[in-house]
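K.L.:
Need the 3D shape of this:
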Amino acid sequence: MKLQISHVTHYEYETQVSDSVNEIRLTPSTNDRQSCYQQSITIEPNASLFSYEDYFGNRVHAFSVNGPHKKLIIKTNMTVVTKEAPNAAERARVLGNHPIELAWQWLRSAEAANRFAEFLVDTEYTAVTPSVVSFAQNIGKSSDAGSHAGAGEYPLSVIDWLSLLCAKIKSEFVYDPDATNVKTTASEMFELKRGVCQDFAHLMIASSRSAGIPARYVSGYHFVGDLQGGSADFEQASHAWVEAYVPKLGWCSFDPTNADSVGERYVKLGHGRDYKDIVPVKGVYRGTGEQKLLVTVDVRNLEE
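P.N.:
From the prediction side, this is the model:
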């Protein structure tokens, strides 16, 4: 799928501000499932961009606006070509007859702990509370497991356990954009039983880590415009999901918000331990604390 994405972030300040220092993480990553063919970034007032990769390998653009200004507009336009992710049959071929217990045992090894330390520890958003532990421990021990359940300490493969976890969050929690805010943690959302994609992703990450599975937060876009008779708006297009590490398969994507598998309709911007590592736009400035923020995102399929 060939997707054209426009992302505009517009700040309006009550009075003039100055010395605005900012970072943006709005450049699609390039991997085996997607390629960014073109991107343009414009800043108003005009500012020079400095680019670098952060600790997690995400492309960051930094800039400063030192003079007085009452508005700041960041516009990005990009063209990204995506392809479908491996399906269940293709994953099964890669896994072959690899014993289920060996995968779980490796995840509990010192090698795994050292290699994925940053994606196994608690963070502000993904604290592993007793409620989260109990929620994760019930995966595969009820009707959720269906015909997958079996005897022994490891009744489910890692990929099946993650798939059941993803489906359980989707079925037991209500999508409600008014229930939470950008600072809501996984444990807080767990008590509310409702939230948005950021909250569902944080809960899946916390649950996965409680089971010893490395998991990370992904920021990006989800194209659903053609499914609704038009182009997607901000809430529908900007999205968050999860990548979890499965032995022999590597990082696998899961979307606990939607029933769709993470395929050609998804564009990844970057990943981190939680939302705080991959905030699309963040910065500081000198001046009034009163501001208005408007974000608009449009994702279109150029192959239609």
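K.L.:
Contacts only, for residue 280.
P.N.:
Contacts for residue 280 (Cβ atoms under 8 Å, 6 or more residues apart in numbering) come out as 7, 9, 24, 25, 26, 219, 238, 269. Using the backbone N, CA and C atoms, a C-beta is placed for each residue, glycine as well.
K.L.:
so where does residue 182 fall, helix or strand?
P.N.:
If you go by DSSP states H and E, residue 182 is not part of any helix or strand.
K.L.:
Was I right to think it contacts residue 198?
P.N.:
Yes. The pair residue 182 and residue 198 qualifies as a contact (Cβ atoms under 8 Å) at a distance of 7.2 Å.
K.L.:
who's in contact with residue 267?
P.N.:
3, 5, 28, 34, 80, 82, 220, 221, 222, 223, 299.
K.L.:
Can you show me the strands along this protein?
P.N.:
For the chain, the strands defined by DSSP state E occupy 2-24, 34-44, 50-53, 59-65, 69-82, 174-175, 194-195, 215-222, 238-246, 250-254, 266-272, 281-286, 291-301.
K.L.:
Out of the ones you listed, which is closest to residue 111?
P.N.:
Checking the strands of the chain against residue 111 by Cβ to Cβ gives strand 238-246 as the closest, at 12.3 Å.
K.L.:
one step back: which stretch among the strands of the chain comes nearest residue 158?
P.N.:
Nearest of the strands of the chain to residue 158, taken as Cβ to Cβ: strand 238-246 at 4.9 Å.
K.L.:
Who does that closest one pair with, and is each partner parallel or antiparallel?
P.N.:
With DSSP bridges as the test, strand 238-246 is paired with strand 215-222 (antiparallel), strand 250-254 (antiparallel).
K.L.:
which residue sits closest to residue 221, ignoring its sequence neighbours?
P.N.:
Among residues not flanking residue 221 along the chain, residue 267 sits closest, at 4.4 Å (Cβ to Cβ, 6 or more residues apart in numbering).
K.L.:
what would the contacts of residue 267 look like in CSV with distance to residue 202?
P.N.:
Converted to CSV, the contacts of residue 267 look like this (distance: Cβ to Cβ, whole Å):
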residue, distance to residue 202
3, 26
5, 24
28, 22
34, 24
80, 25
82, 25
220, 16
221, 19
222, 17
223, 23
299, 23
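K.L.:
Go through these and name the one nearest residue 163.
P.N.:
residue 222 (18.7 Å).
K.L.:
hey, what's that closest one bridged with?
P.N.:
Under DSSP bridges, the beta-bridge partners of residue 222 are residue 266.
K.L.:
if I read this right, it contacts residue 239, doesn't it?
P.N.:
Yes. In this structure, residue 222 is within contact of residue 239 by Cβ under 8 Å, at 3.9 Å.
K.L.:
Those two: who's more crowded?
P.N.:
Counted by other Cβ atoms under 10 Å, residue 222 and residue 239 do not tie: residue 239 has more neighbours, with 29 against 22.
K.L.:
so that one touches residue 197, yeah?
P.N.:
Yes. Using Cβ under 8 Å, residue 239 makes contact with residue 197 at a distance of 5.5 Å.
K.L.:
between those two, what contacts are shared?
P.N.:
Counting by Cβ under 8 Å, 6+ apart, the common neighbours of residue 239 and residue 197 are 255, 257.
K.L.:
Need the residues touching each of residue 222 and residue 239.
P.N.:
With Cβ under 8 Å, 6+ apart as the test, residue 222 and residue 239 both reach 255, 266.
K.L.:
Tell me which of the strands of the chain lies nearest to residue 205.
P.N.:
Across the strands of the chain, residue 205 has its closest neighbour in strand 215-222 (4.3 Å, Cβ to Cβ).
K.L.:
now the angle between strand 2-24 and the closest one, please.
P.N.:
Relative orientation of strand 215-222 versus strand 2-24 (axes from the mean of the first three to the mean of the last three Cα atoms, to 10 degrees): 120 degrees.
K.L.:
For residue 248, see how far away residue 240 is.
P.N.:
Applying Cβ to Cβ, to the nearest Å, the value for residue 240 to residue 248 is 26 Å.
K.L.:
Residue ranges in the stretch 101-250 of the chain under the pLDDT threshold?
P.N.:
Within the stretch 101-250 of the chain, the stretches with pLDDT under 70 are 142-154, 225-236.
K.L.:
residue ranges for the helices of it, please.
P.N.:
For the stretch 101-250 of the chain, the helices defined by DSSP state H, counting those that start in this stretch occupy 110-115, 130-137, 158-172, 186-192, 197-210, 234-237.
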